[in-house]
Structure formats: C-alpha cells, structure tokens
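Novice: kindly generate the corresponding structure for this input.
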Amino acid sequence: MIITLLRRILWLLTLVVAQMMVFNYIHLWGYATPLPYVFFILLFPLGTERWSILLWGFVCGLLCDMTSLTLGVGMAALTLTAFVQPPLLQMMAPKDAVEDMQPGYATMGLWSYFRYALVLTFIFCCAYFLIQTFNFFHLIDLLIAFGSSWALTFVLCLAIEAVHYKFTS
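Specialist: Prediction:
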C-alpha cells in the first residue's frame with residue numbers, strides 16, 4: 001500500500017515537473033502542445049476505486065494548472081478523463097484479466113493498450129481544448145491545435161509506456 005502510494009506520488013511529481021520545465025515550452029508550428037501528464041491516469045489499475053482516480057486526477061490537473069497558469073483547464077479535463085478511465089479500462093481489458101491488472105503492453109497486449117491510450121488521450125485533449133477555447137469562432141485553429149496536440153500527446157504516452165515497460169519487466 002505504501003509502495004503504491006509512493007510510486008503514484010513519484011509519477012505525479014515527475015510528470016508535473018516535466019510538463020512545467022519542458023513540455024509547456026513546446027508549441028510545434030504554433031499549435032501542437034504535448035500534454036503527457038494524462039499518462040498518470042493511464043497508469044491506474046483495474047479495480048481501483050473511482051473516487052481515488054478522480055481525486056488523483058484532480059490533484060494532478062491542479063498542480064499542472066498551477067505551474068502552467070491555465071486556470072483550471074487541465075484540472076477539469078483530467079478530472080473528466082479520470083471519471084471515464086475505469087469503465088473504459090474495464091471494456092478494453094482482456095476478459096480473463098485479474099482484478100488489479102496494471103494497464104500496459106504486457107498485460108493488455110499491444111493493440112488493446114494502443115486503443116485504450118488512444119481513446120483516453122482523445123477524451124483528455126478534446127476536453128482540454130474545448131474548455132480552453134470555449135467557443136467555435138476559430139474552428140479551424142481549434143481543430144488543428146486539438147489534432148496536433150492529441151497526436152503528439154498520444155505518441156509521448158506510448159513512448160513513456162515503452163520506457164515504463166522496460167523498467168518494470
């Protein structure tokens with residue numbers, strides 16, 4: 001229990017500091033901004049209580065907003081993503097999965113994890129950019145920013161999972 005809590009805190013701090021120090025300054029072509037702190041929500045195992053995931057998502061989003069000055073945008077988007085994560089993981093997990101299955105390449109298989117990460121990053125980026133923009137006056141710019149940031153965030157989450165897989169196996 002304590003080890004799990006310490007690992008979550010370490011992941012939380014690592015992703016928030018990486019967002020604050022590196023990823024906030026990346027704006028490819030003026031549109032694509034990576035938001036890899038959503039990977040924190042991808043880590044929660046099957047069977048984790050929903051209130052726990054919501055609380056962790058809220059705190060992670062709040063810390064990223066405080067360091068990015070985005071005024072609750074990341075917090076709202078990550079809390080929504082945390083709300084959707086348990087049923088989505090339940091739906092995409094293998095039928096014979098154990099109750100505390102850790103999502104990843106090794107436990108879900110490459111394509112199942114790929115779909116899981118794709119959908120969860122889509123929900124997060126969609127919520128993030130819709131809350132941030134809050135209008136449809138510049139729809140083309142919104143779609144370009146959303147699509148490019150989603151692709152960049154998804155690729156970064158897959159890369160982080162590959163490193164995570166190497167160190168845990």
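Novice: where does this protein have low pLDDT?
Specialist: Within the chain, the ranges that satisfy pLDDT under 70 run 169.
Novice: max-length helix in it?
Specialist: Ranked by number of residues, the top helix in the chain under DSSP state H is helix 139-168.
Novice: what helices or strands is that helix leaning on?
Specialist: helix 39-42, helix 105-108, helix 110-133 (3 or more CB pairs under 8 Å, 6 or more residues apart in numbering; DSSP states H and E). C-beta: built from backbone N, CA, C; applies to glycine.
Novice: deepest-packed of the ones you listed, please.
Specialist: Burial of the helices and strands packed on helix 139-168 is given as mean neighbour count (mean count of other CB atoms under 10 Å); helix 39-42 ranks first at a mean of 25.
Novice: just give me the residue closest to the centre of the chain.
Specialist: The residue lying closest to the centre of the chain (CA atoms, centre = their mean) is residue 38, at 1.5 Å.
Novice: name the nearest residue to that one, sequence neighbours excluded.
Specialist: Using CB to CB, 6 or more residues apart in numbering and skipping residues adjacent in sequence, the residue nearest residue 38 is residue 124, 4.4 Å away.
Novice: I figured the one you found hits residue 36, correct?
Specialist: No - assessed by CB atoms under 8 Å, residue 124 is found out of contact with residue 36, at 10.3 Å.
Novice: fine, thanks again, bye for now.
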